[in-house]
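Engineer: Any chance you could fold what I've pasted below:
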Amino acid sequence: MNLREVGDLAEPSAVVAFDAWVDAGSAATAAAQTLVEDDAPTIASFDSDVLYDYRARRPTLEISDGRPATLTWPDLSLRRVRGGGRDILVLTGAEPDFRWRELGRELVELARRLGVREWISLGAIPAAVPHTRPVPILGTESSPGLLRGDVLPGPSGLLRVPAAAISVLDVAMGEAGIPTVGYFAQVPHYVSGPYPVAALALLETLGKHLDLPLDSPSLRAEAELLRTRLDSAAAVDEKTRAYVERLESMADEERLPAGDELISEIERFLRDRGSEPGHGQVH
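Structural biologist: Residues are numbered from 1 along each chain as shown. Take a look at the predicted model:
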């Protein structure tokens, strides 16, 4: 890790989002990126060669007139922005492939050194929810009472899922005594590609947590355009329309499907569409 001189920080909060796992529709990274202005200074960077498998996440090559010109490598960086008279440290980039526990220890040490007062993770997960209703936000917290903006911890009971790098960092921060919360948007599983609706919901939730008026006109415009496209797609396909209506009934009853039920709903949707998993999605 390469740490630059930052001087005194004012009550810094850390906001974290990784591109890949737990970033359905790129909602979490899109929300985090809206915080970072072009001139926001990078205060810490990490050695990509020890964090990434370049065969799984290949660098992008630009070829100009037949000449290999530039390579853009996956990276992870911590940038500093100001908001509401205090500092916000935004950690974004590709989800690391390697050394998760070592990275967690380094970031705990860094958070202590910088005086980070809270660690806020953003994520997004596919779920059996309709695009016609407000985006549900699930919360996690290292101790009771940390979540804000009417977000509740959940789901209730014991849930076992494949962990993400961001989850490893959350646990490390919580064990180190740094207040840690996570806000996870639920993205309709039948939608493929970016889902700015969820990004906007995460941004608004983050604003409530930080007590800052966060908004993004560009995200809002993209969300409105996508809603129109999804409504049109559902209107011309009877099976899709019926499926969305079934999800609307569940949402209106405020009943979130359990894990097994979510899988059954997705399988039923694909079966009704006559498609194999990975197909039959609304674009």
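Engineer: going forward, measure contacts and count neighbours with C-alpha atoms only.
Structural biologist: OK.
Engineer: Which residue ranges of the stretch 151-283 of the chain form helices?
Structural biologist: 165-175, 196-210, 217-235, 238-252, 259-273 (DSSP state H, counting those that start in this stretch).
Engineer: which strands and helices sit next to the shortest one?
Structural biologist: In this structure, helix 165-175 packs against strand 13-19, helix 100-114, strand 118-127, strand 180-188, with contacts taken as 3 or more C-alpha pairs under 8 Å, 6 or more residues apart in numbering; DSSP states H and E.
Engineer: returning to what we had before: which of the helices of the stretch 151-283 of the chain sits most buried?
Structural biologist: Neighbour counts averaged per stretch over the helices of the stretch 151-283 of the chain are highest for helix 196-210, at a mean of 24; criterion: mean count of other C-alpha atoms under 10 Å.
Engineer: Pull the distance from it to the chain's centre.
Structural biologist: Remark: helix 196-210 is offset 10 Å from the chain centroid, using C-alpha atoms, centre = their mean, to the nearest Å.
Engineer: Now do that helix and strand 13-19, the angle between them.
Structural biologist: 160 degrees (axes from the mean of the first three to the mean of the last three C-alpha atoms, to 10 degrees).
Engineer: For helix 196-210, which outside residues touch it?
Structural biologist: 25-32, 122, 124, 135, 137, 147-149, 183-187, 213-216, 219-220, 222-224, 226 (C-alpha atoms under 8 Å, 6 or more residues apart in numbering).
Engineer: Show the buried residues in those residues.
Structural biologist: 25-32, 122, 124, 135, 137, 147-148, 183-187, 214-215, 219-220, 222-223, 226 (16 or more other C-alpha atoms under 10 Å).
Engineer: pLDDT weak spots in this protein?
Structural biologist: The model of the chain has pLDDT under 70 over residues 255-283.
Engineer: got the end-to-end distance for stretch 160-167?
Structural biologist: Its start and end residues considered, stretch 160-167 measures 12 Å (C-alpha to C-alpha, to the nearest Å).
Engineer: Quick one, which of the helices and strands packed on helix 165-175 gets closest to residue 92.
Structural biologist: strand 13-19 (5.2 Å; C-alpha to C-alpha).
Engineer: Next SSE downstream of that closest one?
Structural biologist: For strand 13-19, the succeeding helix or strand toward the C-terminus, using DSSP states H and E, is helix 27-33.
Engineer: any residues touching that next one, and which ones?
Structural biologist: With contacts defined as C-alpha under 8 Å, 6+ apart, helix 27-33 is touched by 15-19, 23, 90, 92, 122-124, 185, 194-200, 202-203.
Engineer: If we use 6 Å, what do you get?
Structural biologist: Helix 27-33 is touched from outside by 17, 122, 123, 198, 199, 203, with contacts defined as C-alpha atoms under 6 Å, 6 or more residues apart in numbering.
Engineer: go on, stretch 139-150?
Structural biologist: 152, 153, 154, 174, 180, 181, 182, 183, 208, 209.
Engineer: Check stretch 64-82 too.
Structural biologist: 40-45, 48, 59-63, 87-93.
Engineer: before we move on, back to that, distance to residue 239 added to the contacts of stretch 139-150, as TSV?
Structural biologist: Output for the contacts of stretch 139-150, formatted as TSV (distance: C-alpha to C-alpha, whole Å):
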residue	distance to residue 239
152	33
153	34
154	31
174	45
180	42
181	38
182	35
183	32
208	38
209	39
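Engineer: Quickly list what residue 76 is bridged to.
Structural biologist: residue 93 (DSSP bridges).
Engineer: Got the phi and psi for the closest residue to residue 85 other than its chain neighbours?
Structural biologist: Distance criterion C-alpha to C-alpha, 6 or more residues apart in numbering; nearest residue to residue 85, sequence neighbours excluded, is residue 10 at 7.5 Å. The phi and psi values for residue 10, taken as degrees, to the nearest 10, are phi -100, psi 100.
Engineer: do the same with residue 82
Structural biologist: Residue torsions, per degrees, to the nearest 10, at residue 82 are phi -110, psi 140.
Engineer: how near is it to residue 36?
Structural biologist: For residue 82, the distance to residue 36 - C-alpha to C-alpha - is 10 Å.
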